[in-house]
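Student: I'll drop the sequence and a predicted model, then ask my questions.
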Amino acid sequence: MTYIVTDNCIKCKYMDCVEVCPVDCFYEGENMLVIHPDECIDCGVCEPECPAEAIVPDTEPGLESWLEINTKFAEVWPNITEKRDPPADAEKHDGEKGKFEKYFSEAPGEGD
């Protein structure tokens, strides 16, 4: 098992999870974060820290595509270990439907 980041992170990109991760397995895209599944130690401390509830265990049904997305982009996006402020409009996008189709970007973020 591993934890993964799902679509509600897109355009919210809260980073509370990043500062509690003991193994620094978060990677930053332009408008979301992902978890490297091979680096995650399944401790679960990140899940309750996410205000958008975008972090879930990969054992929940129907998340295969999100496991693939986390795996793929953790290999190419930069590592992030320090919390930064979320986008100014994060609250507006929290819970919005269809975020992947509307907003997902393959572009990398800044990282540390």
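Tutor: It's in. Numbers count the residues shown, from 1 in each chain.
Student: for the chain, what spans make up the helices?
Tutor: 16-20, 64-74, 90-93, 99-103 (DSSP state H).
Student: Tell me which of those helices sits nearest to Cys43.
Tutor: helix 16-20 (9.2 Å; Cβ to Cβ). Yep, even glycine has a C-beta here, placed from its N, CA and C like the rest.
Student: Could you save the helices of the chain as JSON lines and add columns showing mean pLDDT and mean neighbour count?
Tutor: Listed next are the helices of the chain as JSON lines, based on pLDDT from 0 to 100; neighbours: other Cβ atoms under 10 Å:
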{"stretch": "helix 16-20", "mean pLDDT": "96", "mean neighbour count": "18"}
{"stretch": "helix 64-74", "mean pLDDT": "97", "mean neighbour count": "17"}
{"stretch": "helix 90-93", "mean pLDDT": "95", "mean neighbour count": "15"}
{"stretch": "helix 99-103", "mean pLDDT": "97", "mean neighbour count": "14"}
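Student: okay, these in TSV with distance to Glu82 next?
Tutor: Output for the helices of the chain, formatted as TSV (distance: least, Cβ to Cβ, whole Å):
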stretch	distance to Glu82
helix 16-20	7
helix 64-74	17
helix 90-93	17
helix 99-103	24
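Student: for those helices, which one sits closest to Leu33?
Tutor: helix 16-20 (7.1 Å).
Student: what's in contact with that closest one?
Tutor: For helix 16-20, the external contacting residues (Cβ atoms under 8 Å, 6 or more residues apart in numbering) are 26, 33, 45-47, 49-51, 55, 80-83.
Student: Fine, thanks again, bye for now.
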